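Undergrad: Quick one, fold the following:
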Amino acid sequence: MSKERELLEKLKEHDTPSVTNVVATYPKNPLCLGLYNPWTQNWYTDQSIRCIYPELGRTVGYAVTCVFGLPDHNYSRLSFMDVIDALEQSKRPTILIIKQIFPPEIAAKVGLSGGNMTTALKSIGCVGVISDGPSRDIDEIRQMKFQYMLTGVTAGHGDMAVHSINSPVSVAGMDVSPGEIIHMDENGACKFPANKLEQVVRNLELLQQEEQKRMSALSKATTAAEIRAIFEGQSYADKK
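TA: Residues are numbered from 1 along each chain as shown. Below you'll find the model as predicted:
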């Protein structure tokens, strides 16, 4: 196993909130890399989408992005096969980020990616999809152990077209560029630059040790004074 793949496997040992803590949530914490202003930059997903298969646990991969919408007679250069090519050319495993740009009157009815598309995605090393619209065939896909984060599900769709591949997109409050690392689970998804992988994993391991020690102490505390002492120096104890 390559060092990079080993780091990705170690990343999966931690949940998404822990990853966000190291990436940007607590910029005053020495274990936080402070890669983004936690409130003003769009680096994790909002509650408009949900994890379809929480039982699969954590999923990580390199982002490949695409935009789907209605067919446009002025532009018909791309197809789903070009998406497959982009996935093949990316580092693996991949997570496909699908931006949906359908008209409001049909946006909630687009069952975009079903069993056939998912089978093709999985065969080329993709392990999950994040999209700001619905999809379908979730009963069929469940057996594939392939993760989805969606706004919901719906049964059908009409003609669709690929409008772009591997351009920056914003999906469910998260801005994603191709090649960034995505971490997703039932809490949501977040992203960070691939060149920060080793630092993120190292700090996650240190943070886990720190938090296990703190929670062990908290579980034994019986007074407010003891709890206050344990939280001393932490954001929980800061007076705003």
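Undergrad: What part of this structure, helix or strand, is modelled with the least confidence?
TA: helix 224-230 (a mean of 80; mean pLDDT, DSSP states H and E).
Undergrad: packing partners for that one?
TA: Packed against helix 224-230, as judged by 3 or more C-beta pairs under 8 Å, 6 or more residues apart in numbering; DSSP states H and E, are the following elements: helix 197-220. C-beta here means a position set from N, CA and C on the backbone, and glycine is covered the same way.
Undergrad: Can you dump the C-alpha atoms of the helix it packs on in CSV for me?
TA: Taking C-alpha atoms only, helix 197-220 is exported to CSV below (Å, rounded to 0.1, in the frame of the first residue of the first chain):
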residue,chain,number,x,y,z
LEU,A,197,-3.4,15.1,3.9
GLU,A,198,-0.4,14.1,6.0
GLN,A,199,-0.8,17.1,8.3
VAL,A,200,-4.5,16.6,8.7
VAL,A,201,-4.0,12.9,9.7
ARG,A,202,-1.2,13.7,12.1
ASN,A,203,-3.2,16.4,13.9
LEU,A,204,-6.3,14.2,14.0
GLU,A,205,-4.4,11.5,15.8
LEU,A,206,-3.1,14.1,18.3
LEU,A,207,-6.5,15.7,18.7
GLN,A,208,-8.1,12.2,19.3
GLN,A,209,-5.6,11.6,22.1
GLU,A,210,-6.3,15.0,23.7
GLU,A,211,-10.1,14.6,23.5
GLN,A,212,-10.0,11.0,24.9
LYS,A,213,-8.1,12.3,27.9
ARG,A,214,-10.4,15.2,28.4
MET,A,215,-13.6,13.2,28.0
SER,A,216,-12.3,10.6,30.4
ALA,A,217,-11.7,13.3,33.0
LEU,A,218,-15.2,14.8,32.3
SER,A,219,-16.9,11.5,32.8
LYS,A,220,-15.4,11.3,36.3
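Undergrad: which residues are in contact with it?
TA: 4, 7-8, 10-11, 13-14, 18-19, 21-23, 31-33, 181, 192, 227, 230 (C-beta atoms under 8 Å, 6 or more residues apart in numbering).
Undergrad: List the buried residues in it.
TA: Within helix 197-220, the residues that count as buried by 16 or more other C-beta atoms under 10 Å are 197, 200-201, 203-204, 207.
Undergrad: Which members of those residues are the farthest-apart pair?
TA: Largest separation among those by C-beta to C-beta: 197 and 207, giving 15.5 Å.
Undergrad: ok, of the contacts of helix 197-220, which come out buried?
TA: Buried residues within the contacts of helix 197-220, counting neighbours by 16+ other C-beta under 10 Å: 7-8, 10-11, 14, 18-19, 21-23, 31-33, 181, 192, 230.
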